[in-house]
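Asker: with the input below, show me the fold.
(one chain, ligands or ions: 1)
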Amino acid sequence: MGGLCYPRAKMSAPPLHPDDIHTSPGDVGQDLNHSPLLSETLVVDPRTTVKLHKCRLAVTSGPDTGRSVVSDKERLRCGAHPGNDLVLVEDRTASRHHFEIQFTERGYLLVDLGSTNGTFLDGRRIERAYLSPGSQIRAGSSVLTFAPLDEEVTIEPDREGELCGMVGQSMKMRQIFGLIKKIAPMGVSVIIQGETGTGKELVARAIHELSGRTKGPMEVLDCGAIPPNLIESELFGHEKGAFTGAVSSRPGAFERAHGGTIFLDELGELRLDLQPKLLRVLENHEVRRVGGNDVIEVDCRVIAATNRDLMKEIQGGGFREDLYFRLSVITIQLPPLRQRRDDIPLILKRALADPEVVGKHGKKRFSAESLGLLMSYSWPGNVRELMNVLSHVLTFSEGEEIQPAHLPPRVRGQVREGPLPFNEHLSFKNAKEQLLENFEREYITSVLTRCEGNLSRAARESGLHRKSIERLVKKYQLDTKGMKSR
Ligand SMILES: Nc1ncnc2c1ncn2[C@@H]1O[C@H](COP(=O)(O)OP(=O)(O)OP(=O)(O)O)[C@@H](O)[C@H]1O
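Answerer: Below you'll find the predicted structure:
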């Protein structure tokens, strides 16, 4: 299924400042179900609108008169072949794949697909031309009339506090859930923007799961994690011998995603010289492997994510505007966790109720004081950091109630006091190793967060060598980019 929305259909709620959010932890640690924190504390416009695009194509003259189609796809195909959206069954002079109508940034584009007898717009033979309301298209001995059908849709916040593994009770997240449900069945491209750990991949998975493409695969490609010299072959594939080390042919992510969804994570990291190539694939729906001659048709929905502000990147010359416009039919802006603190208790509650967690650690709950500290921490690493803190806490807390002493010092906002949280059930050597690792991780995360991910500054402040900081960042897989203030 495909679908059309006007580009730059964004969530229209006004941006929130952390100071707009008033939460007070109160005595809620005992029962998160009845927590007053779960009541709405964010005041945002509860409704948002997106402009959806549809068009109608109707045969108004010729042997197929009366046939018509209403489509919300990015491409509407017409011809004699039964696989087309509008099939010219009776017209013997129409080609199998005669023409298509693409929705583009500038409007509806009529494209001849190499038909034998040509495609004519308002009497003139064309290869590519923009359509207007009421345009007359001639293909074979048929005349077809084109009509755009605009629709402004109001997205209501979802009633549920969960969607496909995502938890969120705040108005902002429920708006996003509502938007995902609306746009998932359409084929439109989506850009998901948000700081690291805000759940961009979960949103992409939800869109895939709720689309008509679930039988197809979801391919994830992290554009930031692939060495620059391999990114092209990872995206488009390569033929044997295309470069040193290409010992066999390999399909790229686009081919592997055929029939499903491709998720381009960290799109902002994509090399500038590869951006036009990606744009061509998106426009033509076909790829050519590195070192190959064959053109391979690909049908996949594209979802991209970035923690960069792409508009700023465009201004700075780091990202191509045409690629951005092609991809951002819908933009979903995920708010950082500090702007939806009232989601924290629910996320924790769901995680603690996970049967695997209960099986391993028994029943656990947060004391009011510890929940209060979790609610007031700034969460530079967002939900991922919250999850990491939770697993730290589960390792070190004994008994049912989690106390402030079990929380990492950075969350407590104070230096460590009292007994060291070591695991007495481990051997001395292992307990010491674990304690030391926890100290290293906590210390380095804390100093890097304070220094906004700047390694040299962190080295100066901690008295460590920069190389040692680099080693620790790698060892604990810390995301220094996510620590930068925005
Ligand atoms: N709303 C949520 N409810 C429950 N878990 C969440 C939510 N959002 C994120 N998470 C969890 O947080 C972690 C990070 O999520 P995810 O990988 O989707 O973030 P991301 O924005 O794609 O991160 P990055 O920018 O680093 O790629 C995962 O463990 C995910 O399950």
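Asker: can you tell me the residue of the stretch 101-250 of the chain closest to the ligand?
Answerer: Closest approach of the stretch 101-250 of the chain to the ligand (CB to the nearest ligand atom) occurs at Gly199, with a separation of 2.7 Å. The C-beta positions use only the backbone N, C-alpha and C, and glycine is treated the same way.
Asker: show me what contacts Pro276?
Answerer: 320, 323 (CB atoms under 8 Å, 6 or more residues apart in numbering).
Asker: where does the stretch 301-450 of the chain dip in pLDDT?
Answerer: 414-420 (pLDDT under 70).
Asker: try 50
Answerer: Counting by pLDDT under 50, the ranges of the stretch 301-450 of the chain that qualify are 415-417.
Asker: so which residues of it form strands?
Answerer: Counting by DSSP state E, counting those that start in this stretch, the stretch 301-450 of the chain forms strands over residues 301-306, 330-333, 365-366, 401-402, given from the N-terminal end onward.
Asker: tell me the helices and strands packed up against the second one.
Answerer: Using 3 or more CB pairs under 8 Å, 6 or more residues apart in numbering; DSSP states H and E as the contact definition, the elements that strand 330-333 packs against are strand 9-10, helix 171-183, strand 190-193.
Asker: okay, these, which one's buried deepest?
Answerer: Relative to the other members of the helices and strands packed on strand 330-333, strand 190-193 carries the highest mean neighbour count by mean count of other CB atoms under 10 Å, namely a mean of 25.
Asker: sheet partners, orientation included, of that one?
Answerer: strand 301-306 (parallel), strand 330-333 (parallel) (DSSP bridges).
Asker: show me which residues of the stretch 301-450 of the chain sit near the ligand.
Answerer: Applying the criterion CB under 6 Å from any ligand atom, the portion of the stretch 301-450 of the chain that neighbours the ligand consists of 305, 307, 347, 383-384, 387.
Asker: if we can go back for a sec, need the strands of the stretch 301-450 of the chain in TSV (columns: distance to Val59 and mean neighbour count).
Answerer: Output for the strands of the stretch 301-450 of the chain, formatted as TSV (distance: least, CB to CB, whole Å; neighbours: other CB atoms under 10 Å):
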stretch	distance to Val59	mean neighbour count
strand 301-306	29	26
strand 330-333	32	21
strand 365-366	65	23
strand 401-402	68	20
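Asker: redo the ones you listed as CSV? Include distance to Arg77.
Answerer: Formatted as CSV, the entries for the strands of the stretch 301-450 of the chain read as follows, by distance: least, CB to CB, whole Å:
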stretch, distance to Arg77
strand 301-306, 17
strand 330-333, 23
strand 365-366, 56
strand 401-402, 58
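Asker: wait, which of these is closest to Lys481?
Answerer: Between Lys481 and those, the shortest gap by CB to CB is with strand 301-306, which sits at 11.2 Å.
Asker: list the contacts of that closest one.
Answerer: If you take CB under 8 Å, 6+ apart as the criterion, strand 301-306 is touched by 2, 187-194, 200-201, 203-204, 207-208, 211, 213, 260-268, 282, 327.
Asker: got the CA positions of that strand in CSV?
Answerer: Once side chains and other backbone atoms are set aside, the C-alpha atoms of strand 301-306 remain, and they are given as CSV (Å, rounded to 0.1, in the frame of the first residue of the first chain):
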residue,chain,number,x,y,z
ARG,A,301,8.8,1.9,2.1
VAL,A,302,11.5,4.2,3.4
ILE,A,303,11.7,5.4,6.9
ALA,A,304,14.7,7.4,8.0
ALA,A,305,15.8,8.6,11.4
THR,A,306,18.3,11.2,12.6
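Asker: and that strand, how far out from the chain middle?
Answerer: Its chain's C-alpha centre and that of strand 301-306 lie 6 Å apart, by CA atoms, centre = their mean, to the nearest Å.
Asker: now the helix or strand hosting Ala204: average pLDDT?
Answerer: Ala204 is located in helix 200-209, with elements delineated by DSSP states H and E. Predicted confidence along helix 200-209 averages 97 (mean pLDDT).
Asker: show me what whichever helix or strand comes after that helix is in contact with.
Answerer: Following the chain from helix 200-209 toward its C-terminal end, the next helix or strand by DSSP H and E is strand 218-222. Defining contact as CB under 8 Å, 6+ apart, one finds that strand 218-222 is touched by 201, 204-205, 208, 234-235, 253-254, 256-257, 260-266, 300.
Asker: from these, list the ones also adjacent to the ligand.
Answerer: Intersecting the contacts of strand 218-222 with the contacts of the ligand gives 201, 265 (criterion: CB under 6 Å from any ligand atom).
Asker: so of the contacts of strand 218-222, which ones are in strands?
Answerer: Counting by DSSP state E, the part of the contacts of strand 218-222 found in strands is 261-265.
Asker: could you turn the buried ones of those residues into a ChimeraX selection?
Answerer: Selection command for ChimeraX covering only the buried members of these, criterion 16 or more other CB atoms under 10 Å:
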select :261,262,263,264,265
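Asker: quick one: the ones in strands among the contacts of strand 218-222 as a markdown table, columns for pLDDT and distance to Thr449 too.
Answerer: A markdown table is the format used below for the ones in strands among the contacts of strand 218-222 (pLDDT from 0 to 100; distance: CB to CB, whole Å):
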| residue | pLDDT | distance to Thr449 |
| --- | --- | --- |
| Thr261 | 97 | 34 |
| Ile262 | 97 | 33 |
| Phe263 | 97 | 28 |
| Leu264 | 96 | 28 |
| Asp265 | 94 | 23 |
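Asker: from the ones in strands among the contacts of strand 218-222, which is closest to Glu127?
Answerer: Within the ones in strands among the contacts of strand 218-222, the smallest distance to Glu127 is 28.4 Å, found for Ile262 (CB to CB).
Asker: doesn't Gly252 make contact with the closest one?
Answerer: No. Taking contact to mean CB atoms under 8 Å, the distance of 9.7 Å between Ile262 and Gly252 leaves them out of contact.
Asker: Glu255: how many residues sit nearby?
Answerer: Neighbour count of Glu255, defined by other CB atoms under 10 Å: 19.
Asker: please name the nearest non-neighbouring residue to it.
Answerer: Spatial nearest neighbour of Glu255, chain neighbours left out: Gly237 (5.6 Å); criterion: CB to CB, 6 or more residues apart in numbering.
Asker: residues touching that neighbour, list them.
Answerer: Counting by CB under 8 Å, 6+ apart, Gly237 touches 249-252, 254-255, 287, 289-290, 292, 296.
Asker: so which of those residues wins on neighbours?
Answerer: Within those, neighbour counts (other CB under 10 Å) peak at Phe254, which reaches 27 neighbours.
Asker: can you pull the contacts of that one?
Answerer: Contacts here follow CB under 8 Å, 6+ apart; on that basis Phe254 touches 219, 235-237, 262, 281, 287, 298, 300.
Asker: re the thing from before, Asp479 is nearest to which of the strands paired with strand 190-193?
Answerer: Closest approach to Asp479 among these (CB to CB): strand 301-306, 14.0 Å.
Asker: coming back round to it: what's the closest of the contacts of Gly237 to Asp342?
Answerer: Within the set of those, Phe254 lies nearest Asp342; the separation is 39.7 Å, counting by CB to CB.
Asker: relative to Leu274, how far out is the closest one?
Answerer: Shown here: Phe254 relative to Leu274, a distance of 13 Å by CB to CB, to the nearest Å.
Asker: list residues touching both of the two?
Answerer: Taking CB under 8 Å, 6+ apart as the contact criterion, the residues that touch both Phe254 and Leu274 are Leu235.
Asker: thinking again about what came up before, quick one: pLDDT of the residue nearest to Glu255?
Answerer: Model confidence at Gly237, expressed as pLDDT, equals 93.
Asker: give the bridge partners for it, please.
Answerer: Applying DSSP bridges, one finds that Gly237 bridges with Pro251.
Asker: sounds good, over and out.
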